[in-house]
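1. Quick one: sequence plus predicted model below, questions after.
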Amino acid sequence: MHVNPALVEMRVERFVRERLEPATYRSRVPLEVTAWVAPGEPVPFAEAAAARYETFAPGTAWGRPWGTTWFRLTGRPPEGFGGDGTRAEVVVDLGYSDVQPGFQAEATAYRPDGTVVKGLHPRNRYLPLAAVTGADGAVDVLLEASSNPDVSGDGVFATPTRLGDPATAGTEPLYRFAGAHLAELDVEVWELQQDVWTLRGLLAQLPESSTRRAEVLRALDDAVDAVDPWDVAGTAHAGRAALAGVLAQPASASAHRVTAVGHAHIDSAWLWPTRETARKCARTFSNVLALMDEDPDLVFACSSAQQYAWVRDAQPELFERIKKRVAEGRFVPVGGMWVESDTNMPGGEALARQFVAGKRFFAEEFGVEPLDVWLPDSFGYTAALPQIAVAAGARWFLTQKPSWNEVNRMPHHTFAWEGVDGTRIFTHFPPADTYNSDLGGEDLARAERQFAEKGRARSSLLPFGYGDGGGGPTREMLAAAARTRSLEGSPVVEVAGPHDFFRRAEAEYPDPPVWSGEVYLEFHRGTYTSQARTKRGNRRSEHLLREAELWATAAHVQRGADYPYEALERLWRVVLLQQFHDILPGSSIAWVHREAEARYAEVAAELEELIGTSLGELAGAGDDAVAFNASPFPRHGVAALGAAAPQRGGAARASSADGGFVLENDRVRVAVDRDGLLSSVLDLAADREVLAPGAHGGLLQLHRDTPTQWDAWDVDEHYRRHTTDLVAAESVELVEESGERVAVRVVRRFGDSRVEQVVSLAAGAAAVELSFDVDWHERQKLLKLAFPLDVHADRAASEIQFGHVLRPTHANTSWDAARFETCAHRWVHVGESGYGVAVANDSTYGHDTGRTTRPDGGTTTTVRLSLLRAPLFPDPDADQGRHVLRTSLLVGAGIPDAVREGYRLNLPLREVRGEGPVDPLFAVEGAGVVVEAVKLAEDRSGDVVVRLYEAHGGRARATVRPSFAAAAVTETDLLERDAEQPRALREARPDAAVLELRPFQIATLRWRRA
């Protein structure tokens, strides 16, 4: 045949653009529009409804950045409006751009009684007429319109902008109101649009030589012939008839099977603040409920208890409607977490509390328990997560983020993920590589093409709906799902819930392959360092919460004091929210991080007050020095988790030498040269120099930091090609010469910045401490702290939640090479047989560890901490200003010493005046078993809960003894429910619990008091 497929496709495209789309609505009747501008932050509906509205003409500019404008739309439909094959709607154009929903203007529609109708965004502009018409037949609807700026820079994610902070965003209107109309949707024309859209999507994926492609192309050509260009409405049925045959052809028996799950990824903060996220949730959730009323097939999965809580508190009527759909199984809470958190940086207890808080909310509000972990967009996944998730009752895990890897592709899409302790969880990566699908031919074909388990399995999950900034599924997406339920050349599509998919996938693939260890994201490595004040706030909050719970529990049990349940729950929720995967990683706008820093300060102040109250109860009236030790290790004669008079002995000494200084105690001698660098760190017990020959420790290094793509997110490998060693010192002086502590202060200036560094050594300590007070004003620079060590380490141990991971120091494989920047919590340890060194910190997460061979044949292993960055997007002032950080270098250290040092640096003793010692609530007998949390039970029964884990990476046996009278002890899961089968508890007596733990195993014990 003489057919030019390209010309036919061009013909179809023009037909859609010029004939079909303009014919979607038959007639439009303008509505009367009035408006009122909220003067500041958003106001409640009642206040807005009572305001004075003024006439607002189409074409008028509106909306300062981050402002709220209320529009009132009124009118009356003409007689017979919405009949004869049409559907009557209100259609609103706020002045949308081509940018995707969630990154520009959007609105919530209300009835005059304050009930929410649905949200409006660029791909969902309509309101059903019946939903906004009163008993008198008149239209009356109020729109709460948000003039959110597009901060994304048209998707570049690197261009500096001042729009991310109301203080710098200006007041010029961002949008021009295009109009609001009553409109008649031509149902048959709309259905034809969906037919054509689905088939064009399929056509683009079929091979050029495919018979099926030729059939679809001919049918589309015939449909254009069948529709009269001047009477599209009257002939649309003929166009549909021309396509009916190819749409009716069923999928092949071996077609890939896609479970399409309605979804709306809503970042709890990112390029908008949390207050706007709360409104995005109301818009999206109301859209979903409205769509469920139209289409009984829709099932919608939604994570993040925090987002439901926002809707419950701000829109109680909407929340009640959600509860009804949850009960039906159509609005499905997933994930079981408070937010979709980062998983690299939250501490072990905090990551556990994400599940405790999230699952408790879902159980109390909906009577359901999500069995999955739903984290499609977090920046890598800790090896501790399988154990934490399973201990919280999860069976399944879902993400797609590893598809963003720069170098290596994950080998599986459905597999068992094995954590650091050996726990496995059934895992699925949607092979379509998106959580925002439109269910078009491209996404469906990619799902089948990339699915790695072909031949063994043929099912995958595909979340569909507009996301990141919310929006959710649309009626067009559901139409696409209906047309691809069984369509030749396409995967089979079934709209269902995520649990339906996982049960099918487990049955289909009962013995999947295993991926062991962390799921490292080969991308966004800068998120371990960006916005250092946010990260410091997180670290301090986690440890203050530990202290507050421990001492409040002790005060309640030992002194009868009230336990601050409400305050602790509220403060935990603040911290859990700020562990969201765009807040803690430092990848949000300025507004978000300024707010986070302020909230951390408020959390710290309130926790300090709670801790002070508890310590006062415990210490009693007296004037003796009493030191409280919240660490799981004894210190200065004070028992772990207890309090007593501190016992300090010995002395440290300082002297001048070669223009510098020598700091010394009975365990280590440190030489600080004239430039303020560590020229020698001598382990006196081992008689061994720790630093590599000719190298200097405590060396600050400044790198050019200009990532190729995402500014705040990325540290790229090429940063290492541009290094400036900060050697020159403005001053080096001895500030503490003798006694319990000796110290040298070093001041350096570079660029526009200043750093005051204190090198100190305490009596009896094997660690030299380095503290930094940095006034940082660089741009697109990365500041690292280097310790070149004379050890031959082929791997580094990095602390993660409830344990540590081992990572190679070499780059043998592409996987090793891609892991050039890593996350560690409180310490990194490197060593060779018989000797090791640990580097600990109090607020740093980004690290790199590498190895080189010296001319003398020896090996230098260098541990570096990433202290500060200065990206320009999305916050152009990221990290500018003052930062205070602490690190330590611990000599002659094994893993147990590193664990102890990490706790020491992050949980200092607290000294108060009182009358005497305080017994620890628990004593643990057995090496390697560490107490991570002591608290009262979530159910407020007064039971005492203690969480422990094996920290050294070996098997351990331990006995846990309470100091209070107990009636019984049981092992529980993280949610404090009795374990069906105890995993660690071998002997349970009221006065003692005997545990046997495998490497890195977590155990939660619940003690009922006598």
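-> The structure has been received and is ready for your questions. Numbers count the residues shown, from 1 in each chain.

2. Which secondary structure elements does the least confident helix or strand in the chain by mean pLDDT sit against?
-> Ranked by mean pLDDT, DSSP states H and E, the weakest helix or strand in the chain is strand 738-739, scoring a mean of 82. Under the contact definition 3 or more CB pairs under 8 Å, 6 or more residues apart in numbering; DSSP states H and E, strand 738-739 sits against strand 652-657. For the C-beta atoms, the positions are set from N, CA and C on the backbone; glycine is no exception.

3. which stretches of the stretch 1-150 of the chain form strands?
-> 25-30, 32-37, 54-55, 61-62, 67-75, 86-93, 106-110, 116-120, 126-128, 139-147 (DSSP state E, counting those that start in this stretch).

4. Check the stretch 451-600 of the chain too.
-> Using DSSP E, counting those that start in this stretch, the strands of the stretch 451-600 of the chain run over 459-464, 492-495, 514-516.

5. mind giving me a markdown table with those strands and columns for mean neighbour count, mean pLDDT and distance to A627?
-> As requested, those are exported to a markdown table (neighbours: other CB atoms under 10 Å; pLDDT from 0 to 100; distance: least, CB to CB, whole Å):
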| stretch | mean neighbour count | mean pLDDT | distance to A627 |
| --- | --- | --- | --- |
| strand 459-464 | 26 | 98 | 52 |
| strand 492-495 | 22 | 98 | 61 |
| strand 514-516 | 14 | 98 | 42 |
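
6. Format these as TSV; extra columns: distance to S403.
-> Converted to TSV, the strands of the stretch 451-600 of the chain look like this (distance: least, CB to CB, whole Å):
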stretch	distance to S403
strand 459-464	12
strand 492-495	20
strand 514-516	14
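
7. thinking again about what came up before, let me know the angle separating the next helix or strand after the least confident helix or strand of the chain from strand 652-657.
-> For strand 738-739, the succeeding helix or strand toward the C-terminus, using DSSP states H and E, is strand 741-750. Per axes from the mean of the first three to the mean of the last three CA atoms, to 10 degrees, the angle that strand 741-750 makes with strand 652-657 is 50 degrees.

8. Let me know the average pLDDT across strand 741-750.
-> Average pLDDT, strand 741-750: 98.

9. Just give me how far it sits from the chain centre.
-> 37 Å (CA atoms, centre = their mean, to the nearest Å).

10. before we move on, the earlier item: tell me which of the strands of the stretch 451-600 of the chain sits nearest to L889.
-> L889 lies closest to strand 514-516 among the strands of the stretch 451-600 of the chain, at 31.4 Å (CB to CB).

11. Give the partner strands of the closest one in its sheet and their orientations.
-> Its sheet considered, strand 514-516 pairs with strand 414-418 (parallel) by DSSP bridges.

12. buried sites along the partner strand?
-> 414-418 (16 or more other CB atoms under 10 Å).

13. Equivalent analysis for stretch 754-774, please.
-> Buried residues in stretch 754-774 (16+ other CB under 10 Å): 754-763, 765-772, 774.

14. Same check on stretch 126-141?
-> Buried, per 16+ other CB under 10 Å, within stretch 126-141: 126-129, 131-133, 139-141.

15. And stretch 780-788, by the same measure?
-> 781-788.

16. how about JSON lines for these, with secondary structure, pLDDT and distance to V373 added?
-> JSON lines is the format used below for the buried residues of stretch 780-788 (DSSP: H, G, I helix; E, B strand; the rest coil; pLDDT from 0 to 100; distance: CB to CB, whole Å):
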{"residue": "K781", "secondary structure": "strand", "pLDDT": "98", "distance to V373": "37"}
{"residue": "L782", "secondary structure": "strand", "pLDDT": "98", "distance to V373": "32"}
{"residue": "L783", "secondary structure": "strand", "pLDDT": "98", "distance to V373": "35"}
{"residue": "K784", "secondary structure": "strand", "pLDDT": "98", "distance to V373": "33"}
{"residue": "L785", "secondary structure": "strand", "pLDDT": "98", "distance to V373": "34"}
{"residue": "A786", "secondary structure": "strand", "pLDDT": "98", "distance to V373": "37"}
{"residue": "F787", "secondary structure": "strand", "pLDDT": "98", "distance to V373": "36"}
{"residue": "P788", "secondary structure": "strand", "pLDDT": "98", "distance to V373": "40"}
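
17. mind putting the residues you listed in CSV, distance to L677 included?
-> Putting these into CSV (distance: CB to CB, whole Å) gives the following:
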residue, distance to L677
K781, 20
L782, 19
L783, 15
K784, 14
L785, 11
A786, 10
F787, 11
P788, 11
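
18. Give me the mean pLDDT for stretch 392-399.
-> 98.

19. what's that stretch in contact with?
-> Residues from elsewhere that reach stretch 392-399 (CB atoms under 8 Å, 6 or more residues apart in numbering): 336, 352, 355-356, 359, 369-378, 381, 385-386, 389, 417, 425-430, 461, 498, 502, 519, 973-975, 977.

20. Same check on stretch 722-740?
-> Stretch 722-740 is contacted from outside by 648, 651-654, 656, 660-661, 672, 674-677, 699-704, 742-750, 755, 758, 760, 762-763, using CB under 8 Å, 6+ apart.

21. and which of the buried residues of stretch 780-788 is nearest to H121?
-> H121 lies nearest to L782 out of the buried residues of stretch 780-788, by CB to CB, at 37.8 Å.

22. show me the contacts for T822.
-> Neighbours of T822 in contact, by CB under 8 Å, 6+ apart: 520, 525, 528, 798, 807, 846-849.

23. for L677, same thing?
-> With contacts defined as CB under 8 Å, 6+ apart, L677 is in contact with 696-699, 727.
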